[in-house]
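Participant: Any chance you can model this:
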Amino acid sequence: MVATKTITDTAVETVVTPELTGKKKRVGILGGTFNPPHMGHLMIAEQVGTQLGLDKVLFMPDNIPPHVDHKVAINGYRRLKMLQLAIADNSLFATEDIELRRGGISYTVDTIKELRRLHPDTDYYFIIGGDMVEYLPKWREPEQLMRMVQLVGVKRPGYEVTTPYPVLWVDTPMLDISSSIIRAKVKQGQSIRYLVPNAVEEYIREKGLYQ
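Facilitator: Next up is the predicted model:
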């Protein structure tokens, strides 16, 4: 039996997920290409982590995203370095490089299997945007993934919150920031201040990224 939960400014409903009960660490995972990481990523992770009382939120850069519209991303370890710079001042945050180390296409179901094998004392909460919730039927083995992890959905304008999958919805502020917008601004010589952390802006400039 799996129940869902919605957190709003005024109400909290209880989740009952037998496979995720017990005295274990509660760790969120925010996966993505992070090309580059920006303030929207940090805000989502902070809101989900604090609202759900998670012990940690891991930022997990993918190696090759499995989506049909493959993104052209810079070297994975440069993306990882930018994440490490972005989260350095927040003790709730950490990075996870399992998908970069494994190589190949980064299927979430394979990653969660491996993380559960390596860390049997941990319950994982996989954070996705409302746009990706609609895309869930196209994921690899979505039913098996649901049995291994609690999905956490972050609402986005224009996307439905109705889904046959057991998604735990969390309300967060809406920041209209995307990595593609930041890359375009860098290429055009425009400012990205306040869109990314200062250390990430400096790293992009120092390494000549996205020119």
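Participant: Could you say which helix or strand holds the residue nearest to G28 when sequence neighbours are not counted?
Facilitator: Spatial nearest neighbour of G28, chain neighbours left out: V57 (4.0 Å); criterion: CB to CB, 6 or more residues apart in numbering. All C-beta spots, glycine's among them, are computed from the backbone N, C-alpha and C. If you go by DSSP states H and E, V57 is part of strand 56-61.
Participant: Relative to that strand, what are the paired strands and their orientations?
Facilitator: With DSSP bridges as the test, strand 56-61 is paired with strand 25-32 (parallel), strand 93-95 (parallel).
Participant: Among those strands, which comes closest to K81?
Facilitator: strand 93-95 (9.4 Å; CB to CB).
Participant: Now tell me what touches that closest one from outside.
Facilitator: Residues outside strand 93-95 that contact it (CB atoms under 8 Å, 6 or more residues apart in numbering): 42, 45, 49, 56-61, 80, 83-84, 87.
Participant: Show me what the residue nearest to G28 is bridged to.
Facilitator: For V57, the beta-bridge partners are G28, F93 (DSSP bridges).
Participant: Model confidence score at it, please.
Facilitator: What the model reports for V57 is a pLDDT of 98.
Participant: List buried residues within the contacts of strand 93-95.
Facilitator: Among the contacts of strand 93-95, those that count as buried by neighbour count (16 or more other CB atoms under 10 Å) are 42, 45, 49, 56-61, 80, 83-84, 87.
Participant: okay, the angle between the helix or strand encompassing M43 and strand 25-32?
Facilitator: Assigned by DSSP H and E, M43 falls within helix 39-51. With axes from the mean of the first three to the mean of the last three CA atoms, to 10 degrees defining the directions, helix 39-51 sits at 160 degrees from strand 25-32.
Participant: Give me the helices and strands touching helix 39-51, please.
Facilitator: Here helix 39-51 touches strand 25-32, strand 56-61, helix 76-87, strand 93-95, strand 122-129, strand 150-154, strand 167-170, going by 3 or more CB pairs under 8 Å, 6 or more residues apart in numbering; DSSP states H and E.
Participant: Repeat the analysis, applying 7 Å as the threshold.
Facilitator: Helix 39-51 sits against strand 25-32, strand 56-61, strand 150-154, strand 167-170, with contacts defined as 3 or more CB pairs under 7 Å, 6 or more residues apart in numbering; DSSP states H and E.
Participant: Kindly reformat the strands paired with strand 56-61 as TSV containing mean neighbour count, mean pLDDT and distance to E143.
Facilitator: What follows is the strands paired with strand 56-61, written out as TSV (neighbours: other CB atoms under 10 Å; pLDDT from 0 to 100; distance: least, CB to CB, whole Å):
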stretch	mean neighbour count	mean pLDDT	distance to E143
strand 25-32	20	97	19
strand 93-95	17	98	29
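Participant: Centroid-nearest residue for this structure?
Facilitator: L30 (1.9 Å; CA atoms, centre = their mean).
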